[in-house]
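Visitor: I would like to see how this sequence folds:
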Amino acid sequence: MELRQLEHFIAVAEELSFTRAARRLHVVQSGVSAAIRSLERELGCALFERTSQQVRLTGAGAALLPEARAALNAAQAAQDAVRAAQDTLRGTVNVGAMASVEVVDLPALLGQLHARHPAIDVRLRLATAGSAGLAHALLSGDLDVAFLSLPERKPAGIDARELATVPLVLVVDAAHPLARRGKVALADLAGEPFVDFPPGYGNREVVDRAFAAAGVVRRVALEVPDIDMGAALVRHGLGIAFLPAFAVARTPGLHVVDVLDVHDTTLRWSMHLGTSSTRRPSAALRALLDLVDLHVIAL
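Guide: Residues are numbered from 1 along each chain as shown. You can find the predicted model right below:
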């Protein structure tokens, strides 16, 4: 069994397409197919179910995938050790983040990493399924590190360090009737249309949990995965929202309303730095982690 075979296997397993795997590996598709057939012969079983419509992992393929990733990680660690001894740091870091990473200046962080270690290849993936999707990608090995919001009970298999905690405040447009009241209870908001992030995002989970604890059903009319877009929708009278406090200062026309029946710690959104607790970080990943605190933004 060769590392090249495992690399080809992982690419097909993650892409679920021989064509996309070949494109990702920068090789011809016939080379990928040959590597997979050779690996299947050595193991004595099929790793993929192939039809004209789709490619799927077999049970054996699913069992092999985490072990194949572990084998490549071990090989990468061996290369890192040699390169560290030669004062040359190389490797690939797969980074996941939400579209609005307000707590960390991500471009500056990645720029400094590139300036210090130009041979490190960074692959950045912006979340399409919120923090829940990023956590799943961390656990599966698709990501090495992620900037995400995690629930109070963090998933097993993830090490997380809190970078910042931000209060969520209720905002309405200046002409909204609630703006004249000043203080409301969650029950007063039951009939209001809300602007919020889609399910799976950390701030959405915080607000959903607060309403569930109060026994109040709310209506989310508009879902947007961007803080500034959400603030703009509120400003134009399309709903009300719980937004991070820093969004209010930079969006004119918003009015903050006090909520009476929540504790100070109930409506707080936290950003975490997440890594796998089961995989040893590569030297390239450690180089990135060493720079994170330099780029945390004071909100």
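
Visitor: quick one: contacts of stretch 69-87?
Guide: Surrounding stretch 69-87, the residues in contact under the criterion CB atoms under 8 Å, 6 or more residues apart in numbering are 3, 6-7, 10, 89-91, 141, 279-280, 282-284. (C-beta placed from N, C-alpha, C; glycine too.)

Visitor: please identify the buried residues of stretch 274-293?
Guide: Of all the residues in stretch 274-293, those buried under the rule 16 or more other CB atoms under 10 Å are 274-276, 279, 281-289, 291-292.

Visitor: and stretch 256-270, by the same measure?
Guide: Neighbour counts over stretch 256-270 (16+ other CB under 10 Å) mark 257, 259, 262, 266-270 as buried.

Visitor: now the helices for this protein?
Guide: In order along the chain, the chain carries the following helices (DSSP state H): 3-15, 18-25, 29-43, 59-85, 106-116, 130-140, 202-214, 227-235, 245-249, 283-289.

Visitor: how about residues contacting the third one?
Guide: The reference is to helix 29-43. By CB under 8 Å, 6+ apart, the surrounding residues in contact with helix 29-43 are 1, 4-6, 8-9, 11-12, 18-19, 21-22, 25, 46-48, 60, 64.

Visitor: for the stretch 1-150 of the chain, give me the ranges with low pLDDT.
Guide: 83-88, 101 (pLDDT under 70).

Visitor: which residue comes closest to Gln29 once chain neighbours are left out?
Guide: On the basis of CB to CB, 6 or more residues apart in numbering, the spatially nearest residue to Gln29 that is not a chain neighbour turns out to be Ala22, at 4.1 Å.

Visitor: which residue packs closest to Arg219, ignoring adjacent ones?
Guide: Of all residues beyond its chain neighbours, the one nearest Arg219 is Pro193 (5.8 Å), with distances taken as CB to CB, 6+ apart.

Visitor: tell me which residues touch that neighbour, please.
Guide: Neighbours of Pro193 in contact, by CB under 8 Å, 6+ apart: 219-222, 238-240.

Visitor: who wins on neighbours among these?
Guide: The residue in the contacts of Pro193 with the most neighbours, by other CB atoms under 10 Å, is Ile240 (27 neighbours).

Visitor: now that residue, which residues is it bridged with?
Guide: Using DSSP bridges, the bridge partners assigned to Ile240 are Phe194.
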